[in-house]
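[1] A predicted structure for the sequence below; I have some questions about it.
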Amino acid sequence: MDSNFVQYIALLLMIIIGFVVVKRMAGCLLRTVVTIAMVAVLAFLYYKYFRV
């Protein structure tokens with residue numbers, strides 16, 4: 001029975017760690033997408049209004 005309990009705790013820890021990693025990665029990816037979009041808009045505005 002002790003072996004099953006250890007496996008249950010390990011599985012629970014893996015699920016929690018996986019959730020935290022995915023959450024952080026998703027947040028980072030979202031910030032990256034927003035940053036890329038902002039840079040693209042700024043580049044478009046620069047070329048549209050300040051290009052000679």
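    Everything's here; your move.
[2] Off-centre distance for the helix or strand hosting residue 44?
    According to DSSP states H and E, residue 44 maps onto helix 2-49. Averaged C-alpha coordinates place helix 2-49 at 1 Å from its chain's average position (CA atoms, centre = their mean, to the nearest Å).
[3] how many neighbours does residue 50 have?
    7 (other CB atoms under 10 Å). Where you see a C-beta, it was placed from the backbone N, CA and C, and this is true even at glycine.
[4] Check the gap between it and residue 44 for me.
    11 Å (CB to CB, to the nearest Å).
[5] Kindly report the same for residue 27.
    Residue 27 is 26 Å from residue 44, by CB to CB.
[6] likewise residue 28?
    Taken as CB to CB, the span from residue 28 to residue 44 is 25 Å.
[7] Ok, residue 23 next?
    32 Å.
[8] same deal with residue 37?
    With CB to CB as the criterion, residue 37 and residue 44 are 11 Å apart.
[9] Convert stretch 37-47 to PDB, retaining C-alpha atoms only.
    C-alpha atoms of stretch 37-47 as PDB (Å, rounded to 0.1, in the frame of the first residue of the first chain):
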ATOM      1  CA  ALA A  37       1.900  42.700 -32.600                       C
ATOM      2  CA  MET A  38       2.900  46.000 -31.100                       C
ATOM      3  CA  VAL A  39       6.200  46.000 -32.900                       C
ATOM      4  CA  ALA A  40       4.500  45.300 -36.200                       C
ATOM      5  CA  VAL A  41       2.000  48.100 -35.700                       C
ATOM      6  CA  LEU A  42       4.800  50.500 -34.700                       C
ATOM      7  CA  ALA A  43       6.800  49.500 -37.800                       C
ATOM      8  CA  PHE A  44       3.700  49.900 -40.000                       C
ATOM      9  CA  LEU A  45       3.100  53.400 -38.600                       C
ATOM     10  CA  TYR A  46       6.700  54.300 -39.000                       C
ATOM     11  CA  TYR A  47       6.800  53.300 -42.600                       C
END
